[in-house]
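>>> Need the 3D shape of this:
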Amino acid sequence: MPWHETAPGRYERPFDTLEHLYRGLAVSAAHLQKQHYLVSSAIKVKSPLSPTDLRHAWISLRHKHPHMAATPDDTGLNFVYTVPSPEALDAWVQESFIVYSDNDTRSVELLDIDLMSDQFTLHYLPHSRHLVFRAPHWRTDGRGMMLLQHEFCTLLAANPPPPILFDGSETSRLPPPLDEVANLSTKITPESNHSALAELSVLFSGAPLASFQETLPNTTPAKSHQVRIKLPQVLTKRIIATSKARNQTVTVIAHAALVTASRPHVTPVDGRLICFNPFDLRDRLPVPWNGTAGSATVYHTGKPCSIDLVQNPDFNAVADHLSAFYKQDLTPLFSFLVDYVQKISAILTAPLEATIQGPGAAHPELSSLGVIDNYLQKRYTSDGNREGNTGVVELEDWWLGVQNMNRELQMHVWMWDGDIYLACQYNAAFYERGFVEGFLEEWRGVFEGL
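Numbers count the residues shown, from 1 in each chain. Below you'll find the predicted structure:
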């Protein structure tokens, strides 16, 4: 159902199928005062920024993307957007935009706050010049976060700043839910049921599920951490050359290398590794929701993949298997996507304690974030100039991660400014940091052997 006005200045719509899935995943960790898959992404800027300019850009971003300020109603089943009064807008800024003291030297990882917030939030750490964007995964995804950051940096560099007036006209920019914008049928039929079960069958057929032997026996999640490394440019060039020579994407090469690095650690050795790989759907949506207009919501899906370690005994075999997987046409999925996502939700939103103990729980998942330069510029400029603002915003670094509350090793790969980065988000209850650091080096080692 589309957005509709239920009272003067108040607009509502139901959560769509994918939002229900991710909200269910998030609340599976609510008893621990955490959200599973909370998205955090940081930009490091070259020069200090004015909190006043940041505040204005944050309000401008909300004006351009009003869904940032939509909230769940008391039932948790509907989004509500209210055109703000000046007082309500100020209260939203106070809650969602946090500037830290110049003397606060904590790292980004130690910002153990807003982990239960339903809001988009922005944190500025002057000491390290980091801007940290956070949002529940049921509010946006990796691609959406990059697009929002691009919009924010563009607004921050603008001189003079664009005028802002919350008069209700901004509601025309509330993005429609995926079910609506992709024209998905919400009717469950015998045909959709059959197709969805067939798509998910790879999860339940074949050899036993393999798991990392190094996972710790704890059963209660602790804090989520990230370890990341930057590959030398000579190695990045080798990976790109291998990708071109094999006519396979860098994502395929990275995923095959990850599986190869995992082999010595998993048991049974003749088992299989399964994963859900995300696919951005924005390029399949109509204008304007196929671009930045659709950044403050979730427009993607996932497909299951099973890799039999006997049938795919080496890097080459795994790469060929994954290449065929990533090339699969997503178009047929749209005819039964609602039924499919509902069935995924039944699998993935089981009680956290049950999923932690399940077979194959300790395995790697890979999310390839692509070439970040395609979405974020290194330098944002404005022709104008006003006192206290040079009209230039330069980016030095970028990263993204999710709060991981289960036994998975959530791996990310991306390219930024000509370099490839590898990252792992893990829960400290289930893995020692030394093992994760060593595993990232082993992943890099596979690339070096190409």
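>>> how deep is residue 449 tucked in, by neighbour count?
Here the number of neighbours of residue 449 (other C-beta atoms under 10 Å) works out to 8. (C-beta placed from N, C-alpha, C; glycine too.)
>>> Same check on residue 14?
Count around residue 14 with other C-beta under 10 Å applied: 16.
>>> Would you state the helices of the stretch 351-450 of the chain in chain order?
Secondary structure of the stretch 351-450 of the chain (DSSP state H, counting those that start in this stretch): helices located at 352-357, 433-448.
>>> tell me the domain boundaries of this structure?
The chain breaks down by automatic domain parsing into domains covering 4-179, 185-375+405-448.
>>> who's in contact with residue 238?
447-448, 450 (C-beta atoms under 8 Å, 6 or more residues apart in numbering).
>>> Which one of those residues sits in the busiest neighbourhood?
Highest neighbour count within the contacts of residue 238, by other C-beta under 10 Å: residue 447, with 20 neighbours.
>>> doesn't residue 237 make contact with it?
No: under the criterion of C-beta atoms under 8 Å, residue 447 lies out of contact with residue 237, with a separation of 11.0 Å.
>>> Name the residues that touch the helix-or-strand element of the chain with minimal mean pLDDT?
Averaged element by element with mean pLDDT, DSSP states H and E, the chain has its least confident helix or strand at helix 352-357 (a mean of 89). Residues lying outside helix 352-357 but in contact with it, judged by C-beta under 8 Å, 6+ apart, are 28-29, 32, 36, 219-221, 348, 361, 405-407, 430.
>>> Give me the nearest residue to the residue nearest in space to the middle of the chain, chain neighbours excluded.
With distances taken as C-alpha atoms, centre = their mean, the chain has residue 142 as the residue nearest its mean C-alpha position (3.4 Å). Nearest-residue entry for residue 142: residue 369, 5.3 Å, with adjacent residues in sequence omitted and distances by C-beta to C-beta, 6 or more residues apart in numbering.
>>> And for that neighbour, the neighbour number?
Once other C-beta under 10 Å is used to define contacts, residue 369 is seen to have 24 neighbours.
>>> any idea how far it lies from residue 399?
Taking C-beta to C-beta, to the nearest Å as the measure, residue 369 and residue 399 are separated by 10 Å.
>>> Same question for the lengthiest strand in the chain: list its buried residues.
Among the elements of type strand in the chain, defined by DSSP state E, the one spanning the most residues is strand 392-402. Of all the residues in strand 392-402, those buried under the rule 16 or more other C-beta atoms under 10 Å are 393-395, 398-402.
>>> Dump stretch 103-123 to PDB, keeping only the CA atoms.
Taking C-alpha atoms only, stretch 103-123 is exported to PDB below (Å, rounded to 0.1, in the frame of the first residue of the first chain):
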ATOM      1  CA  ASN A 103      39.100  15.900  23.500                       C
ATOM      2  CA  ASP A 104      37.200  12.700  22.900                       C
ATOM      3  CA  THR A 105      39.800  10.400  21.400                       C
ATOM      4  CA  ARG A 106      37.700   7.200  21.200                       C
ATOM      5  CA  SER A 107      37.800   5.200  18.000                       C
ATOM      6  CA  VAL A 108      34.700   4.800  15.900                       C
ATOM      7  CA  GLU A 109      34.400   1.200  17.100                       C
ATOM      8  CA  LEU A 110      34.000   2.300  20.700                       C
ATOM      9  CA  LEU A 111      30.900   4.400  20.000                       C
ATOM     10  CA  ASP A 112      28.700   1.800  21.600                       C
ATOM     11  CA  ILE A 113      25.600   4.000  21.400                       C
ATOM     12  CA  ASP A 114      22.300   4.200  19.600                       C
ATOM     13  CA  LEU A 115      22.500   0.500  19.000                       C
ATOM     14  CA  MET A 116      18.800   0.200  19.600                       C
ATOM     15  CA  SER A 117      17.800   3.400  17.800                       C
ATOM     16  CA  ASP A 118      15.200   3.200  15.100                       C
ATOM     17  CA  GLN A 119      16.600   6.400  13.500                       C
ATOM     18  CA  PHE A 120      19.200   7.300  11.000                       C
ATOM     19  CA  THR A 121      22.000   9.000  13.100                       C
ATOM     20  CA  LEU A 122      25.100  10.900  12.300                       C
ATOM     21  CA  HIS A 123      28.100  11.200  14.600                       C
END
